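Q: sequence? don't have it. structure:
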C-alpha cells in the first residue's frame with residue numbers, strides 16, 4: 001500500500017507556487033507515496049499540470065463536504081501549509097498525524113507595530129519544508145516549480161511584431177494598492193526600461209495598462225501627469241496584455257521574457273519558478289518577511305530607512321500616512337544590457 005500524504009494550501013497564487021518544493025520533495029524522496037493536494041477551486045489551474053500531484057481536492061465553499069471527502073482517503077500524514085482555523089478543522093476531522101509550518105505571526109506583529117525585528121533569516125519555502133520534515137524530506141536545490149499546460153503556451157506571433165524578438169515583462173498588478181507603484185511611477189519605470197514591454201495583470205489592471213500604453217502613444221497631454229514625466233524620453237513600446245491572458249498564459253509570456261519587473265505578487269513567484277532574472281518592487285511589505293524570489297537571480301527595488309515601513313504584513317487600499325513614500329521614493333537604479 002502506498003503512503004498517502006495530503007498537502008493543504010487554499011490560497012493564493014503566490015503562496016501556492018511557494019509550496020511546490022514541498023510537493024516535489026515528498027513525491028521524489030518518500031518511497032511509494034501518493035501525494036494529494038487540497039486547495040480552493042479557483043486556484044486549481046496554478047497546479048493543474050504539476051506532475052508530482054496524484055489527486056486534487058478542491059474547496060468550493062463547502063468545507064464540511066470537503067472534510068467528508070478527505071476522510072474517505074485515509075491519509076497517513078497531513079502537511080498543513082496554511083495553518084489557519086479552517087485547516088485546523090480539517091485536521092481535527094481527519095484525526096491523522098500532521099504538521100504545520102510556523103507562521104511567525106508574533107514576529108510579524110512586532111516588526112509591523114513596534115519595528116522590533118525578531119524575524120528569522122529563513123525563506124518561507126524552508127519554513128514550509130519544516131512541516132514535511134517528519135516524512136524525512138529535505139530541501140533540494142531545484143527552486144520552485146511551475147508547469148504550463150501545452151494548451152496555454154503563448155506563441156510569439158500572438159504579440160505585436162515589435163515584441164517578438166525581445167521583450168521585458170512588467171507585472172503591474174497586486175492584491176493591495178500599497179504593494180503597487182502609483183501609475184505615474186509605473187510610466188517612469190517603463191521609460192527607464194528602454195526595451196519593448198509586455199504589461200501583465202488581471203482585468204482589474206487593464207485600465208492602468210491602457211493608460212500606460214496611451215501615454216507612450218502620445219494620447220495624453222503630458223500636463224495630465226505629474227511634472228517629472230515631462231522629462232521622460234517617451235519612447236517605450238508598450239503592449240498591454242492585462243486582462244487578455246489566463247494565469248497559465250501569463251506564465252508562458254513570463255517564460256519568454258528577457259527580464260521580469262514585478263511587485264510583491266504571485267507573478268513574482270511564478271517568474272522565480274521559471275528561473276527568470278527578476279526586478280522586484282517592494283512597497284509597504286518587506287523582503288525580510290521571507291517571501292522574496294526563491295532560487296533565481298533577483299534585484300530588490302525598495303525605499304529603505306522609512307520609520308513607517310512595514311506598515312502591514314499584507315497591505316492597504318491606500319497609504320495610512322498619506323505620503324506613500326515607500327513607493328514614491330524608490331530609485332529605479334538598474335541597467336539592462
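A: Structure's in. What do you need? These numbers come from a predicted model, not from an experiment.

Q: remind me which residues of the stretch 201-337 of the chain are low pLDDT?
A: Confidence mapping of the stretch 201-337 of the chain against pLDDT under 70 gives the ranges 219-228, 230-231, 233.

Q: Helices of that one, residue ranges please.
A: 206-216, 247-256, 266-273, 325-328 (DSSP state H, counting those that start in this stretch).

Q: need those in CSV with distance to residue 57, can you?
A: C-beta here means a position set from N, CA and C on the backbone, and glycine is covered the same way. Below are the helices of the stretch 201-337 of the chain laid out as CSV (distance: least, C-beta to C-beta, whole Å):
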stretch, distance to residue 57
helix 206-216, 33
helix 247-256, 20
helix 266-273, 21
helix 325-328, 39
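
Q: These: which one's closest to residue 149?
A: Nearest of the helices of the stretch 201-337 of the chain to residue 149, taken as C-beta to C-beta: helix 247-256 at 5.9 Å.

Q: Next, the angle from that closest one to helix 266-273.
A: Helix 247-256 and helix 266-273 are oriented at 50 degrees to each other (axes from the mean of the first three to the mean of the last three C-alpha atoms, to 10 degrees).

Q: So which of the helices of the stretch 201-337 of the chain is nearest residue 3?
A: helix 266-273 (26.3 Å).

Q: so who does the residue nearest the centre of the chain touch?
A: For the chain, the residue nearest the mean C-alpha position is residue 266 (1.7 Å; C-alpha atoms, centre = their mean). Counting by C-beta atoms under 8 Å, 6 or more residues apart in numbering, residue 266 touches 12, 13, 14, 15, 17.

Q: Show me which of the helices of the stretch 201-337 of the chain has the highest average neighbour count.
A: helix 266-273 (a mean of 28; mean count of other C-beta atoms under 10 Å).

Q: hang on, the earlier thing: distance of the residue nearest to the centre of the chain from residue 272?
A: 11 Å (C-beta to C-beta, to the nearest Å).

Q: so what sits against both of the two?
A: With C-beta under 8 Å, 6+ apart as the test, residue 266 and residue 272 both reach residue 17.

Q: Skipping adjacent residues, who's closest to residue 318 in space?
A: Using C-beta to C-beta, 6 or more residues apart in numbering and skipping residues adjacent in sequence, the residue nearest residue 318 is residue 177, 5.8 Å away.

Q: For my notes, confirm residue 90 occurs in a helix.
A: Yes: applying DSSP: H, G, I helix; E, B strand; the rest coil, one finds residue 90 inside a helix.

Q: could you say what helices and strands the one helix or strand residue 199 maps to packs with?
A: Secondary structure assigned from DSSP states H and E places residue 199 in strand 197-200. The contact analysis (3 or more C-beta pairs under 8 Å, 6 or more residues apart in numbering; DSSP states H and E) places strand 197-200 against strand 168-171, helix 206-216, strand 238-240, helix 247-256.

Q: wait, residue 236 sits on residue 191?
A: Yes: Residue 236 lies in contact with residue 191 (C-beta atoms under 8 Å); the separation is 5.5 Å.

Q: and the two? which has more neighbours close in?
A: Using other C-beta atoms under 10 Å, the more surrounded residue of residue 236 and residue 191 is residue 236, with 23 against 19.

Q: my guess is residue 336 contacts residue 259, does it?
A: Yes: counting by C-beta under 8 Å, residue 336 does reach residue 259; the two are 6.0 Å apart.

Q: Find residues that contact each of the two.
A: Shared contacts of residue 336 and residue 259, defined by C-beta under 8 Å, 6+ apart, comprise 168, 195.

Q: the more surrounded of the two?
A: Ranked by neighbour count (other C-beta under 10 Å), residue 336 and residue 259 place residue 259 first, with 22 against 13.

Q: And that one, how far from residue 169?
A: Distance of residue 259 to residue 169, given as C-beta to C-beta: 7 Å.

Q: do residue 319 as well
A: Relative to residue 169, and taking C-beta to C-beta, residue 319 is found at 27 Å.

Q: of the two, who's got more company?
A: Per other C-beta under 10 Å, whichever of residue 319 and residue 169 has more neighbours is residue 169, with 24 against 19.

Q: can you pull the buried residues of stretch 142-151?
A: The neighbour-count check on stretch 142-151 (16 or more other C-beta atoms under 10 Å) flags 143, 144, 145, 146, 147, 148 as buried.
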